[in-house]
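Participant: everything below, folded, please.
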Amino acid sequence: MASVAVRTGPARKKTRARVSTSTMIYVSTGVVLSLLFLLPLLWAVFRSFQPSGDITAAPNAKDLSHLTTANYSGLITGSIHILRYVANSLIVAGGTAVLTAVLATLAGYGLGRTRFRFRGSGAVFALILVTLMVPFQAVVTPLFLELSFLHLLNSLIGLILFYSTFNLPFGVFVMRNAFSMVPNELEEAAYCDGATVPRTLRSVLLPVVVPGVATTMLYAFLFAWTEFLGALTFITNISKLTLPVALLNVETGTFGQVNFGFLIAGAVIAMVPCAVLYVALQRFYITGITAGGVKG
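Facilitator: So this is what the prediction gives:
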């Protein structure tokens, strides 16, 4: 017994040493990767507080003494009025996220639960997934004609409908897989208690598939927030432009002159909602993506 105890002590120390070494390597790798992603963002934020002339010049230590908020005040209170475009983008992105989540949840509920299975439901789901391979750039012209016929050009509602249409296939894919992973016993117990289909969806199943809903909303929001070509094509009224198109006007400048301070400050403003939303919903997003990749 003594010999076993003698051998067990060093073995435990070696195991602890391996665990601590693995933890150190894991943490160090995570810190390095985080810095690789964060440093460009922090550099952009730092540059946004510099005058336009300093931004185009080579960096030096004196830049730390030339920090100013003139770029942001010029965008907000100057002739650009960027907050108006930020509001337009928030309306479009938020509307797209909500509409896509609602429609994808209903479709995923119908396609993912055995109660609603019908002959050809698999073919319908496959047809929905096929639309993922169709880029909207290939159908811009018919979409333009359709929105014109519906009097939805120069309309934020038309832009929301356009973005929701092209986000629905991915949303249906995520929500269908999320509902498929819910045990049938939960739904059967709700039916035994007399719950209707809408009540079962709202009170029993929806809390379980929250990661899928969050993933759908996040993906749709980021798509609508950063999308450029559709907004440039379907919106020509200056007061209804979204932020990416407005930043193009800042980049173009007047008579070829570009205010890089305004441009970088606008880019920082554009990335703030994306970063905040992603950090807030990160755990739901990862769970939803993992569920969608495991069961299809």
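
Participant: now the helices: where do they sit in the stretch 151-296 of the chain?
Facilitator: Using DSSP state H, counting those that start in this stretch, the helices of the stretch 151-296 of the chain run over residues 156-180, 184-192, 197-199, 210-226, 229-234, 243-252, 260-280, 282-294.

Participant: and Met133, which of those helices is closest to it?
Facilitator: Closest to Met133 of the helices of the stretch 151-296 of the chain, according to Cβ to Cβ: helix 156-180, at 9.3 Å. Backbone N, C-alpha and C define where each C-beta goes, glycine included.

Participant: returning to that earlier point: output the helices of the stretch 151-296 of the chain in CSV; the columns should cover mean neighbour count, distance to Arg113 and mean pLDDT.
Facilitator: What follows is the helices of the stretch 151-296 of the chain, written out as CSV (neighbours: other Cβ atoms under 10 Å; distance: least, Cβ to Cβ, whole Å; pLDDT from 0 to 100):
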stretch, mean neighbour count, distance to Arg113, mean pLDDT
helix 156-180, 23, 6, 92
helix 184-192, 13, 7, 84
helix 197-199, 11, 10, 86
helix 210-226, 23, 14, 91
helix 229-234, 19, 33, 91
helix 243-252, 19, 38, 82
helix 260-280, 18, 29, 87
helix 282-294, 15, 15, 57
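
Participant: switch those over to CSV; also include distance to Gly112.
Facilitator: What follows is those, written out as CSV (distance: least, Cβ to Cβ, whole Å):
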stretch, distance to Gly112
helix 156-180, 3
helix 184-192, 11
helix 197-199, 14
helix 210-226, 10
helix 229-234, 29
helix 243-252, 34
helix 260-280, 26
helix 282-294, 11
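
Participant: for Tyr26, which of those helices is the nearest?
Facilitator: Of all those, it is helix 282-294 that lies closest to Tyr26, at 17.2 Å by Cβ to Cβ.

Participant: what sits up against stretch 35-47?
Facilitator: Ile55, Ile264, Ala267, Val268, Met271, Ala275 (Cβ atoms under 8 Å, 6 or more residues apart in numbering).

Participant: again, but for stretch 122-137
Facilitator: For stretch 122-137, the external contacting residues (Cβ under 8 Å, 6+ apart) are 107, 111, 143, 162, 166, 168-170, 172-173, 176, 229-230.

Participant: how about a cut-off of 7 Å?
Facilitator: Taking contacts as Cβ atoms under 7 Å, 6 or more residues apart in numbering, the residues outside stretch 122-137 that touch it are Leu111, Phe166, Pro169, Phe170, Val172, Phe173, Arg176, Leu229, Gly230.

Participant: what helix or strand is the first one on?
Facilitator: Secondary structure here is read from DSSP states H and E; on that basis Leu111 sits in helix 82-112.

Participant: what's the strand or helix carrying Asn71 packed up against?
Facilitator: Counting by DSSP H and E, the secondary-structure element that holds Asn71 is helix 70-77. Based on contacts counted as 3 or more Cβ pairs under 7 Å, 6 or more residues apart in numbering; DSSP states H and E, the elements that helix 70-77 packs against are helix 82-112, helix 260-280.
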